[in-house]
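Trainee: Quick one, fold the following:
(chains A and B)
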Amino acid sequence: MSGRVLVGVKRVIDYAVKIRVKPDNTGVVTDGVKHSMNPFCEIAVEEAVKLKEKKLVKEVVAVSCGPQQSQETIRTALAMGADRGIHVEVSGNDYETLGPLQVSKIMAALAKKEDAQIIILGKQAIDDDCNQTGQMTAALLDWPQGTFASEVTLDGDKIKVVREIDGGLETIKINTPAVLTADLRLNTPRYATLPNIMKAKKKKIANVKPADLGVNLTSKLEVLRVEDPPQRQAGMKVETVEDLVGKLKELGKV
Amino acid sequence: MPFCFAALWMMANPLRSEVVRLYKNLLYLGREYPKGGDYFRDRLRAAFTKNKSVQDPEQIKAMIARGEYVARELEALYYLRKYRAMKKRYYEE
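Mentor: Residues are numbered from 1 along each chain as shown, chains lettered A, B, ... in the order given. Okay, the predicted model is just below:
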């Protein structure tokens, strides 16, 4: 048992930025826009680092797929406590079409190469909202999955996962090796402070190409159009309760 | 006379690097301040400049502690903003 945890971290447009659709409707504006680590990936990193601090795992490896700037995201993970990083270089058109299927193939190949015991990912990215990478990775590896995890407990060679599902919580026990995806309430991620960032500069980030892992990045999906959501209709004001009931009946709501 | 100055300088010096470290940390944290990184930086600079003539090590240590408290408060602010945004966007209450 390697005791190694692989954590996937994605570089996305910062959650607080107001998204603008490109004039040609092919995508959103990313040039010069503030990017940061996907919030759910932060929670994944925090969980992995916590496991290491409790001495339940030996090493945390942060992985990111993307262009040069993805290294900044890996650096943040290293500042939060990951031991080393792997940057899978994907740029240009490959990066435009990079999706959960391609990333899960990469994660699966890395899991085998690095002899990982646990893979932790964020439950979804705030840019594409796919919520697929974790599930696909588990399927490709034929590993059990604990998705939407709000509590993770290592128990010998098994993992107890409390999952957030519609209508409540579900507790499952799965074997290792396994894939987990982090939900919002799993933990409170630590801030990557300046001293930690400085210390993390000594940690190594390896460079890998998808071809080295035998992964084909061809996508079977094509984005046809990206649009703004429809403008919110102005509300109506009524004077009395009778008016309100009348209006609701008019609209067929009552 | 020169001995006095040397003694005073030696006393303040070990704390000087701590103060500088605190300043750099707060400056880094302040970049994401909701009212703007510049707003924060100006106020940070003003606060440190106001106290630059303080010599008493105990007073300096107390101020450093307060600065570290502010740093933790900023981290909490950033976390809460992000958590509330995620909760609002992804979870129906």
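
Trainee: What segments of chain B are helices?
Mentor: B:2-29, B:37-50, B:57-90 (DSSP state H).

Trainee: cool, the stretch 51-200 of chain A as well?
Mentor: Residue ranges of the helices in the stretch 51-200 of chain A, as given by DSSP state H, counting those that start in this stretch, are A:70-80, A:92-96, A:100-113, A:133-141, A:194-200.

Trainee: how about those, which one is nearest B:Ala71?
Mentor: Distance to B:Ala71, taken as C-beta to C-beta, is lowest for helix A:194-200 among the helices of the stretch 51-200 of chain A, at 9.8 Å. C-betas here are computed from N, CA, C, even on glycine.

Trainee: What helices and strands are in contact with that closest one?
Mentor: Applying 3 or more C-beta pairs under 8 Å, 6 or more residues apart in numbering or on different chains; DSSP states H and E, one finds that helix A:194-200 makes contact with helix A:70-80, helix B:2-29.

Trainee: just checking, what packs against whatever helix or strand comes next after it?
Mentor: As assigned by DSSP states H and E, the chain's next helix or strand after helix A:194-200 is strand A:205-208. Strand A:205-208 sits against helix A:70-80, strand A:84-89, with contacts defined as 3+ C-beta pairs under 8 Å, 6+ apart.

Trainee: which one of the ones you listed is the most hemmed in?
Mentor: Sort those by mean neighbour count, taking mean count of other C-beta atoms under 10 Å in any protein chain shown, and helix A:70-80 sits at the top with a mean of 23.

Trainee: Just the C-alpha atoms of that helix, please, in PDB.
Mentor: Extracted C-alpha coordinates of helix A:70-80, given in PDB (Å, rounded to 0.1, in the frame of the first residue of the first chain):
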ATOM      1  CA  SER A  70      -2.200  25.600 -14.400                       C
ATOM      2  CA  GLN A  71       1.100  25.500 -12.600                       C
ATOM      3  CA  GLU A  72      -0.100  28.400 -10.400                       C
ATOM      4  CA  THR A  73      -3.000  26.300  -9.300                       C
ATOM      5  CA  ILE A  74      -0.700  23.400  -8.500                       C
ATOM      6  CA  ARG A  75       1.500  25.900  -6.500                       C
ATOM      7  CA  THR A  76      -1.600  26.900  -4.400                       C
ATOM      8  CA  ALA A  77      -2.200  23.200  -3.700                       C
ATOM      9  CA  LEU A  78       1.500  22.800  -2.700                       C
ATOM     10  CA  ALA A  79       1.100  25.900  -0.400                       C
ATOM     11  CA  MET A  80      -1.900  24.200   1.200                       C
END
